[in-house]
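Visitor: using only what follows, build the 3D model:
(one chain, ligands or ions: 2)
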Amino acid sequence: MDRLNALPHAYRLARRDARPDGTVVTLPNGAKFGGDTVAVCAGPCSVESREQIQATAKAVAARGANVLRGGAFKPRTSPYAFQGLGADALHLLREAADAYGMAVVTEVIDPRDVPLVSQHADMLQIGARNMQNFSLLREAGESGKPVLLKRGFSATIDEWLMAAEYLLVSGNEHVVLCERGVRSFDNTTRNLLDIAAVPLLHSLTHLPVIVDPSHGTGVAKLVAPMALAAVAAGADGLLVEVHPDPQAAASDGPQSLTFAQFDALMGGLEVVAGALGRRIPAATLAT
Ligand code: PEP
Ligand code: MN
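Guide: Ligands and ions are numbered 1, 2, ... in the order given. Model prediction:
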């Protein structure tokens with residue numbers, strides 16, 4: 001038996017043959033993870049102000065992003081670093097997304113905040129640091145909201161699928177996996193982006209898989225090439241950090257794209273997706 005077939009198939013609900021046609025997760029604005037169209041989630045690492053999130057939503061929607069990302073509750077390594085604007089950011093995200101026809105994805109770090117975040121967001125993000133926070137997984141699962149489950153930075157594929165299984169077993173079928181890099185021996189890049197995980201997961205699970213080249217590399221100039229590589233490898237979507245002025249960002253400035261860099265990325269993406277018989281979302285005209 002080859003090594004892949006020998007993987008334990010204890011993930012009964014996530015395994016590929018549980019749904020051979022593949023799961024498509026659809027958000028209220030029509031954004032789809034798992035169809036012919038590549039989902040494009042873009043926005044700042046953290047929501048910092050009304051002006052910042054409005055300007056970013058406008059710029060990324062005009063180029064085809066269909067899901068607005070932005071941290072409201074930030075899982076920072078240091079307790080002294082910017083922790084996010086919390087509930088205020090949820091309102092700002094909703095307002096900006098609605099103005100440009102986008103859906104909202106934002107991270108929830110505390111099981112007690114799942115009802116609050118669910119009120120404003122269309123999709124709950126479970127971050128790398130919480131991939132195995134089982135009470136958070138159960139709470140997010142029971143909310144019924146679509147969940148974006150990021151890979152823990154030292155998680156194996158098997159552990160990641162088991163974390164997804166926690167969501168599925170609580171009755172929530174709307175689960176999307178997000179590869180965001182794993183820790184390696186070499187800190188030249190922030191993480192080592194595991195693009196092989198994309199086709200591998202497609203063979204192991206019916207769940208859609210997206211890639212986050214921003215946290216995956218930590219370096220803005222590496223984001224576009226890795227985004228294109230991810231889509232070439234079959235990713236169902238991207239999660240990309242974009243900021244009006246990356247140098248002034250409250251978090252993750254070095255890996256955040258300017259609006260012009262995001263435009264260039266989308267131009268390349270259209271070509272790569274097209275070559276593979278896929279599409280990028282139609283741009284939403286500014287209101
Ligand atoms: C994020 O997307 O803002 C984030 C904190 O990512 P990760 O959990 O992958 O580090
Ligand atoms: Mn970030």
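Visitor: wait, residue 141 sits on residue 135?
Guide: No. With contact defined as Cβ atoms under 8 Å, residue 141 does not count as touching residue 135 (10.6 Å). (Glycine included, C-beta is placed from N, CA and C.)
Visitor: of the two, which one has the most company?
Guide: A count of neighbours by other Cβ atoms under 10 Å puts residue 141 above the other of residue 141 and residue 135, at 24 against 12.
Visitor: list the contacts for that one?
Guide: 147, 166, 167, 168, 169, 170, 171, 172 (Cβ atoms under 8 Å, 6 or more residues apart in numbering).
Visitor: quick one: the host helix or strand of residue 136 to chain centroid distance?
Guide: Counting by DSSP states H and E, the element that carries residue 136 is helix 134-143. Relative to its parent chain, helix 134-143 has a centroid offset of 18 Å by Cα atoms, centre = their mean, to the nearest Å.
Visitor: quick one: strands adjacent to the helix or strand that it is followed by?
Guide: With elements assigned by DSSP H and E, the helix or strand that comes after helix 134-143 is strand 147-150. The pairing partners recorded for strand 147-150 under DSSP bridges are strand 123-126 (parallel), strand 175-179 (parallel).
Visitor: any idea which of those strands is most buried?
Guide: Counting by mean count of other Cβ atoms under 10 Å, strand 175-179 has the highest mean neighbour count of those, with a mean of 27.
Visitor: helix 134-143 and that one, what's the angle between them?
Guide: 140 degrees (axes from the mean of the first three to the mean of the last three Cα atoms, to 10 degrees).
Visitor: which other residues reach strand 175-179?
Guide: Contacts for strand 175-179 (Cβ under 8 Å, 6+ apart): 14, 23, 25, 33-34, 123, 125, 146-151, 160, 164, 167-168, 193-195, 197-198, 201, 205, 207-212, 216, 230, 235-237, 239.
Visitor: try 7 Å this time
Guide: 25, 33, 146-151, 160, 164, 167-168, 193-194, 197-198, 201, 207-212, 239 (Cβ atoms under 7 Å, 6 or more residues apart in numbering).
Visitor: go on, stretch 20-31?
Guide: Contacts for stretch 20-31 (Cβ under 7 Å, 6+ apart): 32-35, 39, 66-67, 101-103, 122-123, 146, 173-174, 176, 206-208, 281.
Visitor: now those residues: which count as buried?
Guide: 32-35, 39, 66-67, 101-103, 122-123, 146, 174, 176, 206-208, 281 (16 or more other Cβ atoms under 10 Å).
Visitor: so which of these sit within strands?
Guide: 32, 33, 39, 67, 103, 123, 176 (DSSP state E).
Visitor: show me the contacts for the residue in the stretch 51-200 of the chain positioned nearest to ligand 1.
Guide: Of all residues in the stretch 51-200 of the chain, residue 127 sits closest to ligand 1, at 2.9 Å by Cβ to the nearest ligand atom. Going by Cβ under 7 Å, 6+ apart, residue 127 touches 75, 107, 109, 150.
Visitor: hmm, try it at 6 Å
Guide: For residue 127, the contacting residues are 75, 107, 150, by Cβ atoms under 6 Å, 6 or more residues apart in numbering.
Visitor: likewise residue 126?
Guide: Residue 126 touches residue 149, counting by Cβ under 6 Å, 6+ apart.
Visitor: pull the number of nearby residues for residue 51.
Guide: With other Cβ under 10 Å as criterion, residue 51 counts 10.
Visitor: element containing it, please.
Guide: With DSSP H and E as criterion, residue 51 is part of helix 50-62.
Visitor: ok, residue 76 - how many residues close by?
Guide: So residue 76, with other Cβ under 10 Å, has 15 neighbours.
Visitor: isn't residue 259 up against residue 58?
Guide: No. Counting by Cβ atoms under 6 Å, residue 259 does not reach residue 58; the two are 9.2 Å apart.
Visitor: how about the residues of this structure by ligand 2?
Guide: 45, 252 (Cβ under 5 Å from the ion).
Visitor: now the helices: where do they sit in the chain?
Guide: 50-62, 87-99, 114-120, 134-143, 157-169, 197-204, 213-217, 220-232, 259-275 (DSSP state H).
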